[in-house]
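K.L.:
Sequence and predicted structure are below.
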Amino acid sequence: MLNVPSQSFPAPSSQQRVASGGRSKVPLKQGRSLMDWIRLSKSGKDLTGLKGRLIDVTEEELKKHNKKEDCWICIRGFVYNVSSYMEFHPGGEDELMRAAGSDGTDLFDQVHRWVNYESMLKECLVGRMAVKPAIPKGLLPKSQMTDISTKEGPSSPSYDWFQTDSLVTIVIYTKQKDIHLDSIIIDHQNDSFRAETIIKDYSYLIHIGLSHEVQEDFSVRVVENVGKIEIVLKKTENISWKCLGHPLEKHNSLIPKKDTGLYYRKCQLISKEDITHDTKLFCLMLPPSTHLQVPIGQHVYLKLTITGTEIVKPYTPVFDSLLSEFKEPVLPNNKYIYFLIKIYPAGLFTPELDHLQIGDFVPVSNPEGNFKISKLQEVEDLFLLAAGTGFTPMVKILKYALINVPSLRKVKLMFFNKTEDDIIWRSQLEKLAFEDERFDVEYVLSAPTSEWKGKQGHISPALLSEFLNRSSEKSKVLLCICGPTPFTEQGIKLLHDLNFSKDEIHSFTA
Ligand code: FAD
Ligand code: NAP
C-alpha cells in the first residue's frame, strides 16, 4: 500500500495549488496534486497506450500527437504521452498544449525546472526521439589542447593537462576575468572526472574517464585575473600517463546553463539542530572528491525518493551561524553545506527529510539562481525584506556585505513572521545588531500574542516607507526580498510604487 497522506492535498492556500501573478501556475482541481499524480502513475494503468513498449519516435510521428486526449511531448530527447498528466500540470492544460506534438523542454523548464520529469513521467514514456548516431570520439592524447567555439556566448574556453611523477594538473583557460572558486564544480567518482565551470550564463564541461587511478583528494586554484583554473590530481602510482583518459558525455562542451541538466552528488547528513519549533539547521557533508561552493544568493536542489518517485525541492544554503565567532568550524567549512529548513507536517518533502537519520545520504544538485555578487558592489544602503524561511538567502548576503563591502553604511532587515516563536536566529540577529552598528533588525508579526509590543501586520506601504530610510538622498541602494510568492510579488509592487527602480530590487522567486 502506498504511504501517502489521505487529506485533501495540498491545502487550498498551499503554494503547490496556486501561485498568483507572474508565474504560470494555475489552480489545480481537487485530487490533482503532485501526490495524486504519484498515486495514479503507480496504479499500473497503461498511461502511454503502448502496453509497456518503448518506440523510436520520428519528428513526423511526434507532430501527429497534438490533441489533449492524444498529446505527446518531447523533453530532453525523450517522448512522453502526457494526456493523463494534463490536469496535474502546475502550469495548466493550456500551457502544456503549447508544446503538444513538439519539443517542450523549454516550457517545462520555465514552469518547474527542478521537477525530475524522468521520474515523474516515467510511466508516460513513449520512447526516444529517433536521432542520427553520434560521431564516435577518440582518446585524448597527451598535451592535446582542445578548443571549441560558439556563435554566441563567452569566447571559447579550452583545457590542457600536464604531469609530473606524482601529479596530474588539468588547466582550464576560461578566457574570462570574473572566475572564482565558486565558478567551478568538480566531482570525481570512480574513474569519472567531471569539472563544470560556470562562465557567465554558460557551462563549460570537462568530463573524462581518467586513464589511471588518482587519490580522492585534489586541489583547485583559480588565477582570477586571467581566468585560469588549475586542478591538481595526485596519482595513485608514480607512472607516466600516455593520455588523460577518454571523453565522456558532453565532454568539452560549452552550453547555455539553462540547457544543462542538474548534476547531483550524494551528501551525508552530519547533524540536525532545532532552531525554532518547526525549523531545523541541517548540515550535509560533501563527498571528499567533490569541490562545490554554493555562490551567495543561490540555491541547490535536494532529492528524495518518495513512494518510488524522485522528488526534488530547492533549498538555499546558509552559514552555520550569523556570528563569525559563534562556532569554530571543526573541519574546513567548504566541505559542509548548511540549510535552515522548515518542516511542514502535512508537506510532501520536508517530513521525509526530517525522518533522515544522521549518516544517511541525500543527493544535492549543482547551484542555481540569478543573484550576482556584483550587485553589492559600492552599495551604501542594503535593505532586506524576508518572510519566514525567505530569510535563508539573506544570511549569506548579510554576512558578505558586512565583511566585504567597504562602501556599506547601513544594512536593515525587516523580518515578517507569524509569531515570535517563528523568528529564526533571533538572538543571533540581535547580537549582530548590538555588535555592528551598521546592522539593524525589525520584526513584523502577523499573528502576535497580546504581549507583543513590536510591529504587526503584513507588508504595507506604511511599514515600508518608514523602514526604507536611506543614509543619504542619493545613496546607492539594494533591496532584496524573499518569502511566500504573494508576499514577494506584493513587496515588489510596493517598492516600485515607492520609486525604487528595477535595478535596485532583487527578488528571490521560485
Ligand atoms: P508542500 O507539500 O509543498 O506543502 C506546502 C504547504 O502546503 C505547507 O504549508 C503545507 O503545510 C501545506 N500542505 C501540504 N499538504 C497539506 C494537507 N494535506 N493539508 C493541509 N495543508 C497541507 N524552504 C526552506 O525551509 N528553506 C530554504 O532554504 C528554502 N529555500 C528555497 C529556495 C527556493 C528558490 C524556493 C523556490 C523555495 C525554497 N524553500 C525553502 C521552500 C522549499 O523548496 C519547499 O517548498 C518547502 O520545503 C515545502 O516543501 P514540502 O514538500 O514539505 O511542502
Ligand atoms: P510563513 O510562516 O507562512 O509566512 C511568513 C510571514 O509572511 C507571515 O507573517 C505571513 O503572514 C506572511 N505572508 C504570507 N503570505 C503573505 C501574503 N500573501 N502577503 C503578505 N504577507 C504574507 O512563511 P514560510 O512557511 O516560512 O514560507 C516561506 C516561503 O518562502 C516559502 O513559500 C518558500 O518557498 C519561500 N522561500 C523562497 C526562497 C527563494 O529563494 N525563492 C528561499 C526560501 C524560502 P500570515 O500569518 O498571514 O500567513
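P.N.:
Structure received. Numbers count the residues shown, from 1 in each chain. Ligands and ions are numbered 1, 2, ... in the order given.

K.L.:
Next up, the contacts around Glu368.
P.N.:
Arg113, Leu262, Gln298, His299, Val300, Tyr301, Pro314 (CB atoms under 8 Å, 6 or more residues apart in numbering). From N, CA and C alone the C-beta is placed, and that goes for glycine too.

K.L.:
For the chain, which residue gets nearest to ligand 1?
P.N.:
For the chain, the residue closest to ligand 1 is Gly347, as judged by CB to the nearest ligand atom, at 2.3 Å.

K.L.:
before we move on, back to that, could I have the PyMOL command that selects the buried members from the contacts of Glu368?
P.N.:
Buried subset of the contacts of Glu368, written as a PyMOL selection, criterion 16 or more other CB atoms under 10 Å:
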select buried, resi 262+298+299+300+301
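
K.L.:
Strands - which of the contacts of Glu368 land there?
P.N.:
Cross-referencing the contacts of Glu368 with the strands (criterion: DSSP state E) gives Val300, Tyr301, Pro314 as the overlap.

K.L.:
wait, isn't the last one in contact with Val300?
P.N.:
Yes. In this structure, Pro314 sits in contact with Val300. The criterion is CB atoms under 8 Å, and the distance is 7.2 Å.

K.L.:
Make JSON lines from the contacts of Glu368 and add pLDDT and distance to Val223 to it.
P.N.:
Listed next are the contacts of Glu368 as JSON lines, based on pLDDT from 0 to 100; distance: CB to CB, whole Å:
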{"residue": "Arg113", "pLDDT": "62", "distance to Val223": "33"}
{"residue": "Leu262", "pLDDT": "88", "distance to Val223": "28"}
{"residue": "Gln298", "pLDDT": "96", "distance to Val223": "23"}
{"residue": "His299", "pLDDT": "96", "distance to Val223": "28"}
{"residue": "Val300", "pLDDT": "96", "distance to Val223": "27"}
{"residue": "Tyr301", "pLDDT": "95", "distance to Val223": "31"}
{"residue": "Pro314", "pLDDT": "95", "distance to Val223": "32"}
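
K.L.:
Tell me which residue of the stretch 251-400 of the chain lies closest to ligand 2.
P.N.:
Checked against ligand 2 (CB to the nearest ligand atom), the nearest residue in the stretch 251-400 of the chain is Gly388, 2.0 Å away.

K.L.:
I figured that residue hits Phe415, correct?
P.N.:
No. Here Gly388 does not reach Phe415: they are 9.1 Å apart, not a contact under CB under 8 Å.

K.L.:
So the two - more neighbours on which side?
P.N.:
Between Gly388 and Phe415, counted using other CB atoms under 10 Å, the more crowded position is Phe415 (24 against 20).

K.L.:
Quick check, pLDDT for the more buried one.
P.N.:
pLDDT recorded at Phe415 is 98.

K.L.:
tell me which element the nearest residue to His246 once chain neighbours are set aside falls in.
P.N.:
If you skip the residues right next to it in sequence, His246 has Gly209 as its closest partner in space, 4.8 Å away by CB to CB, 6 or more residues apart in numbering. Gly209 is part of strand 202-210 when elements are defined by DSSP states H and E.

K.L.:
what residue is smack in the middle of this structure?
P.N.:
Using CA atoms, centre = their mean, the residue of the chain that lies closest to the mean C-alpha position is Val300, 3.0 Å off.

K.L.:
who's in contact with it?
P.N.:
For Val300, the residues meeting the contact criterion (CB under 8 Å, 6+ apart) are Val294, Pro314, Tyr315, Pro317, Ile337, Val364, Ser365, Asn366, Pro367, Glu368.

K.L.:
For the fourth one, give me phi and psi.
P.N.:
Translated: Pro317. phi -60, psi 150 (degrees, to the nearest 10).

K.L.:
Do I have it right that it meets Ile337?
P.N.:
Yes. Using CB under 8 Å, Pro317 and Ile337 qualify as a contacting pair, with a distance of 5.0 Å.

K.L.:
So the nearest residue to His89 once chain neighbours are set aside: helix, strand or coil?
P.N.:
The shortest distance from His89 to any non-neighbouring residue, by CB to CB, 6+ apart, is to Leu96 (4.8 Å). Reducing the assignment to helix, strand or coil with DSSP: H, G, I helix; E, B strand; the rest coil, the entry for Leu96 is helix.

K.L.:
What is the neighbour count of Leu96?
P.N.:
24.

K.L.:
That one and Asn334: what is the separation?
P.N.:
The span separating Leu96 from Asn334 equals 41 Å under the rule CB to CB, to the nearest Å.

K.L.:
for Ser507, same thing?
P.N.:
Applying CB to CB, one obtains 28 Å for the distance of Ser507 from Asn334.

K.L.:
between those two, who's got more neighbours?
P.N.:
Higher neighbour count among Ser507 and Asn334: Ser507, with 19 against 14, using other CB under 10 Å.

K.L.:
Stretch 441-457 close to ligand 2?
P.N.:
Yes. Stretch 441-457 is in contact with ligand 2 by CB under 6 Å from any ligand atom, via Ser446, Ala447.

K.L.:
Please spell out which residues along that stretch are buried.
P.N.:
Val441, Tyr443, Val444, Leu445, Pro448, Lys455.

K.L.:
do the same with stretch 372-379
P.N.:
By neighbour count, and taking 16+ other CB under 10 Å as the criterion, the buried residues in stretch 372-379 are Ile373, Lys375, Leu376, Val379.

K.L.:
List the contacts of the closest residue to Thr260 other than its chain neighbours.
P.N.:
The spatial neighbour of Thr260 that comes closest, neighbours along the chain excluded (CB to CB, 6+ apart), is Ser203 at 4.7 Å. Remark: with contacts taken as CB under 8 Å, 6+ apart, Ser203 is in contact with Glu196, Thr197, Leu254, Ile255, Pro256, Lys257, Thr260.

K.L.:
With Gly390 instead?
P.N.:
Under the criterion of CB under 8 Å, 6+ apart, the contact list for Gly390 reads Ile481, Cys482, Gly483, Pro484, Phe487, Thr488, Phe508.

K.L.:
among those residues, which are in strands?
P.N.:
Here DSSP E is the test, and the contacts of Gly390 give Ile481, Cys482, Phe508 as lying in strands.

K.L.:
of all those, which comes closest to Ile179?
P.N.:
When the ones in strands among the contacts of Gly390 are compared for distance to Ile179 (CB to CB), Phe508 comes out closest, at 24.3 Å.

K.L.:
Could you double-check that that closest one lies in contact with Gly491?
P.N.:
No. With contact defined as CB under 8 Å, Phe508 and Gly491 do not form a contacting pair (10.9 Å).

K.L.:
re the thing from before, could you name every residue contacting both of Pro317 and Ile337?
P.N.:
Val294, Val300.

K.L.:
Next, please give the residue ranges for the strands of the stretch 1-150 of the chain.
P.N.:
With DSSP state E, counting those that start in this stretch, the ranges of strands along the stretch 1-150 of the chain come out as 55-57, 66-67, 70-75, 78-81, 102-103, 125-129, 140-141, 146-147.

K.L.:
quick check: angle from the longest one to strand 125-129?
P.N.:
The one in question is strand 70-75. Orientation note: strand 70-75 sits at an angle of 50 degrees relative to strand 125-129 (axes from the mean of the first three to the mean of the last three CA atoms, to 10 degrees).

K.L.:
neighbouring strands for strand 70-75, and are they parallel or not?
P.N.:
Under the criterion DSSP bridges, strand 70-75 sits next to strand 66-67 (antiparallel), strand 78-81 (antiparallel), strand 102-103 (parallel) in its sheet.

K.L.:
Could I get the buried residue list for it?
P.N.:
Judged by neighbour count using 16+ other CB under 10 Å, the buried positions of strand 70-75 are Cys71, Trp72, Ile73, Cys74, Ile75.

K.L.:
filter those residues by proximity to ligand 1?
P.N.:
Checked against ligand 1 using CB under 6 Å from any ligand atom, the buried residues of strand 70-75 yield no neighbours at all.

K.L.:
which bits of the chain sit near ligand 2?
P.N.:
Contact residues of the chain with respect to ligand 2, defined by CB under 6 Å from any ligand atom, are listed as 15, 299, 316, 342, 387-390, 392-393, 416-418, 422, 446-447, 458-459, 482-484, 486-487, 490, 508-510.
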